[in-house]
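Peer 1: A predicted structure for the sequence below; I have some questions about it.
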Amino acid sequence: MIVDAHVRLGRGREVELEADRLISAMDALGVDVALVAPDERCIAYDNRTGNEHVTAAAAASGGRLIPYAVANPWRGRAAVDELERARDAGARALNVDSVLQGFDLLDGLLDPLLDFAAEAGWLVYVRTGTPPSALPLPLASLARRRPETPFVMGRSGATDFWIDAAPALRYAPNLYGDTSYAPWDTVLTELGRDPEIGPSRLVFSTDAPYTVPRSELRRVLDWPLDDDARRQVLGGTIMRLLGPSLS
């Protein structure tokens with residue numbers, strides 16, 4: 001099974017992707033399942049519309065799409081209420097973008113949403129790579145505060161903060177790297193060979209529609225791994241992390 005751990009559905013500032021086109025692309029590439037998050041506007045502000053969009057798309061997909069839920073933590077109790085509503089509609093993981101949502105990962109604002117995620121058995125995807133509020137090492141510190149929750153380091157610090165991906169993964173054992181954007185001959189090879197990290201701590205993601213999905217998949221297929229390790233990167237690990245929310 002090949003699972004794409006992060007895609008955004010809807011109209012972004014520069015790109016647009018809807019479920020029918022996504023599933024057609026998945027069919028062409030042999031991708032079985034994709035985790036889908038709302039677009040930028042809905043992550044930042046219109047959380048309800050975004051969550052309704054991705055949960056409806058997932059419900060109509062025959063199991064091909066698994067929805068993330070989003071809620072801006074500045075909304076306080078209303079943000080938690082929105083996560084509850086999204087969970088009841090089918091959401092199975094939390095998606096966080098501290099740049100779009102306007103907070104620092106370590107300032108405590110996100111704590112009520114992380115409490116909800118822990119109780120729901122959700123993994124938490126956090127986009128990284130934009131200073132000063134969305135970087136790998138602060139995310140690793142956040143993950144260490146929450147050892148019961150798996151965190152995915154979205155984009156693994158791409159592009160200027162790739163250098164921090166490996167130290168972040170070493171620091172927080174419940175943090176997982178994302179393969180999107182990372183050249184296998186440098187970053188992926190370092191992460192895969194490091195005895196403290198290894199392929200079991202990496203998940204495949206295209207980050208569509210911001211990348212060329214075929215190239216993102218080809219990178220992992222060409223990466224010098226044994227077959228079992230490649231299976232884990234391409235889907236085994238992310239499905240294991242999703243397990244509690246899917247049961």
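Peer 2: Everything's here; your move. If you're wondering where the values come from, they're calculated on a predicted model, not measured in any experiment.

Peer 1: Against residue 174, how distant is residue 121?
Peer 2: 13 Å (CB to CB, to the nearest Å). The way it works is simple: take the backbone N, C-alpha and C, and place the C-beta from them, glycine included.

Peer 1: Who are the contact partners of the residue positioned nearest the centre of the chain?
Peer 2: Geometric centre of the chain, nearest residue: residue 125, 3.7 Å, by CA atoms, centre = their mean. Contacts were defined as CB atoms under 8 Å, 6 or more residues apart in numbering; by that measure residue 125 touches 5-6, 35, 37, 68, 93-96, 151-152, 154.

Peer 1: same thing but 10 Å
Peer 2: By CB atoms under 10 Å, 6 or more residues apart in numbering, the residues touching residue 125 are 5-6, 35, 37, 68, 93-97, 150-154, 176, 178, 203, 205, 238.

Peer 1: Need the residues touching each of residue 121 and residue 174.
Peer 2: Joint contacts of residue 121 and residue 174 (CB under 10 Å, 6+ apart) are 148-150, 241.

Peer 1: is the residue nearest to the residue nearest to the centre of the chain when sequence neighbours are not counted in a bridge, and if so with what?
Peer 2: Excluding the flanking residues, the one nearest residue 125 by CB to CB, 6 or more residues apart in numbering is residue 152, at 4.5 Å. Beta-bridge pairing of residue 152, defined through DSSP bridges, involves residue 125, residue 176.

Peer 1: thinking residue 152 is in contact with residue 168, fair?
Peer 2: No: between residue 152 and residue 168 there is no contact under CB atoms under 10 Å: 11.8 Å.

Peer 1: Please identify which of these two sits among more neighbours.
Peer 2: residue 152 (30 against 25; other CB atoms under 10 Å).

Peer 1: follow-up on the earlier one: so what sits against both of residue 152 and residue 168?
Peer 2: With CB under 10 Å, 6+ apart, residue 152 and residue 168 have common neighbours 128, 139, 143, 175, 177.

Peer 1: check contacts around the fourth one.
Peer 2: For residue 175, the contact set (CB under 10 Å, 6+ apart) comprises 126, 136, 139-144, 150-153, 165, 168-169, 197, 201.
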